[in-house]
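In: No sequence on hand, only this structure:
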Ligand SMILES: C[S@@+](CC[C@H](N)C(=O)[O-])C[C@H]1O[C@@H](n2cnc3c(N)ncnc32)[C@H](O)[C@@H]1O
Ligand SMILES: [Zn+2]
């Protein structure tokens with residue numbers, strides 16, 4: 001069941017209508033009060049990718065690839081991080097603790113959530129607001145769901161399938177948004193960054209990490225191979241990402257640290273949080 005707190009900040013990714021209702025048909029779904037589009041809830045996970053987008057070929061290819069990677073991801077990701085990217089997996093956990101802490105009193109969004117590997121290690125008992133995880137791959141989401149059921153976080157984390165270029169949330173609905181190793185994988189990073197900015201509340205916290213070139217030769221060889229096969233289509237250098245974040249977001253300060261080939265960033269959207277919180 002989707003918690004009321006989450007439903008209240010959701011909107012229709014097709015037409016932007018601010019209200020989605022639980023459908024009354026036998027198959028559970030969310031229904032847009034504006035355009036009438038129905039978003040099926042599949043085994044508890046709403047599919048917020050509009051139908052016309054699902055039919056696009058480029059999404060089919062990415063989904064197939066990511067679904068293939070999902071079963072190995074939990075083992076491969078920490079090993080790759082240590083051996084190839086040369087970054088301790090604990091760095092991600094530190095960063096996620098900070099990002100969840102910064103959501104206090106508001107909503108936390110992780111995009112992409114993947115298999116929930118990072119959020120699964122976070123002590124979130126003290127955080128009252130909703131924790132939301134979004135990904136485009138069903139296999140990743142299913143593994144995240146199993147993880148949160150096993151570790152007792154299932155009632156705290158709402159998972160949904162969504163397109164990062166059109167997230168199903170009201171403008172300014174999210175207090176802290178974290179994107180761990182997703183930006184280098186998205187089809188259109190600029191659109192996704194603009195979308196992150198749209199859903200982040202004024203004063204909100206944006207953080208994440210991205211794989212970059214130019215830090216070590218082995219990593220660069222693997223990244224070149226990934227790019228050749230279209231796994232990660234748009235990999236760039238550290239300097240490129242810094243200037244892109246500054247240019248696209250327009251936030252006054254982008255803080256960053258690089259460990260091996262992993263670039264970590266954080267920034268605050270200008271403005272004051274809403275007075276009621
Ligand atoms: C390297 S994983 C990172 C997952 C997670 N944040 C973590 O650190 O474990 C990249 C994730 O991005 C998601 N992803 C890649 N391309 C995507 C796209 N175009 N739309 C939505 N999710 C995408 C994949 O499904 C995958 O879960
Ligand atoms: Zn709609």
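Out: Noted; the coordinates are in hand. Here the structure is a predicted model, which means the values were calculated and not measured. Numbering: from 1, shown residues only. Ligands and ions are numbered 1, 2, ... in the order given.
In: make it CA atoms for all contacts and neighbour counts henceforth
Out: Fine.
In: For residue 255, give me phi and psi.
Out: Here is the backbone geometry of residue 255 (degrees, to the nearest 10): phi -90, psi 140.
In: Report the spatially nearest residue to the residue of the chain found nearest ligand 1, omitting neighbours in sequence.
Out: For the chain, the residue closest to ligand 1 is residue 114, as judged by C-alpha to the nearest ligand atom, at 3.2 Å. Once flanking residues are discounted, residue 114 sits nearest to residue 140: 5.1 Å by C-alpha to C-alpha, 6 or more residues apart in numbering.
In: If you count contacts, what does the biggest strand by length in the chain end up packed against?
Out: Counting by DSSP state E, the longest strand found in the chain is strand 200-213. Strand 200-213 is packed against helix 90-101, strand 174-180, helix 217-228, strand 236-237, strand 262-268, with contacts defined by 3 or more C-alpha pairs under 8 Å, 6 or more residues apart in numbering; DSSP states H and E.
In: in its sheet, what does it sit against?
Out: As defined by DSSP bridges, the strand partners of strand 200-213 come to strand 174-180 (parallel), strand 236-237 (parallel), strand 262-268 (antiparallel).
In: List the buried residues of the helix or strand just after the second one.
Out: Sequence-wise, the next helix or strand downstream of strand 236-237 (DSSP states H and E) is helix 238-249. In terms of neighbour count (16 or more other C-alpha atoms under 10 Å), helix 238-249 has its buried residues at 238, 241, 245, 249.
In: Any idea how far helix 238-249 is from the middle of the chain?
Out: Taking C-alpha atoms, centre = their mean, to the nearest Å, one finds the center of helix 238-249 at 19 Å from the center of the full chain.
In: do stretch 18-25 as well
Out: The answer for stretch 18-25 is 24 Å, by C-alpha atoms, centre = their mean.
In: taking the mean pLDDT, what do you get for it?
Out: Averaging pLDDT along stretch 18-25 gives 93.
In: The helices and strands packed on strand 200-213: which one's closest to residue 63?
Out: Residue 63 lies closest to helix 217-228 among those, at 15.8 Å (C-alpha to C-alpha).
In: Do that closest one and ligand 1 come into contact?
Out: No - with C-alpha under 6 Å from any ligand atom as the criterion, ligand 1 is not reached by helix 217-228; the gap is at least 11.9 Å.
In: could you give the angle of that helix to strand 200-213?
Out: 110 degrees (axes from the mean of the first three to the mean of the last three C-alpha atoms, to 10 degrees).
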